[in-house]
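Novice: after the sequence you'll find the predicted model.
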Amino acid sequence: MTMATVDASVWIAAQDLADPFCVQSRLFFSHTVAAGILIHVPAFARVEVACALARKLRNSVQAERLANLILKTANAKEHPVSAALLAKAVSVGTTKFLRGADAMYSATADLVGCELVSLDKEHLQRAEALTPDDWLLANP
């Protein structure tokens, strides 16, 4: 089964019709859901997605419900923030010069053994991440 780790940037773009990456993010999730592809995320992704949506929507209740719904609907497997994940994130983050949260997504992908899908420039430039469009091309 094909799998992927998906950064919060893709989740957020898919929910924001004004985002220039909304369409490609929605197509990516439509494909992964239809194909039953397992999406891996560090457990704190729920917090990151909910908080970003709350800032955009200016509605905390709606943001929390939406974050829970989209992670459930997209078949996301949340990985606990364990000692192993933190150690990998420190290693990946310091060698690839990533921000802390970005290192957690990259570490999750490494530990699970799947590709990282992101819209974040640092992930794309330094962590071998793929955009949603590039991932779909590589995984038809």
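Specialist: Okay, I see it. Small disclaimer: the values here were computed from a predicted structure and weren't measured.

Novice: now T94: how far from L124?
Specialist: Here the criterion is C-beta to C-beta, to the nearest Å. By it, T94 lies 19 Å from L124. C-betas here are computed from N, CA, C, even on glycine.

Novice: and these two? Which one has more around it.
Specialist: Counted by other C-beta atoms under 10 Å, T94 and L124 do not tie: L124 has more neighbours, with 17 against 10.

Novice: just the element for that one, please.
Specialist: Assigned by DSSP states H and E, L124 belongs to helix 121-126.

Novice: correct me, but S60 touches L53?
Specialist: No: taking C-beta atoms under 8 Å as the definition, S60 is not a contact partner of L53, at 9.2 Å.

Novice: go through the worst-scoring helix or strand of the chain on mean pLDDT and flag the buried ones.
Specialist: In the chain, no helix or strand scores lower on mean pLDDT, DSSP states H and E than helix 60-73, which sits at a mean of 89. By 16 or more other C-beta atoms under 10 Å, the buried positions in helix 60-73 come out as A63, E64, L66, A67, I70, L71.
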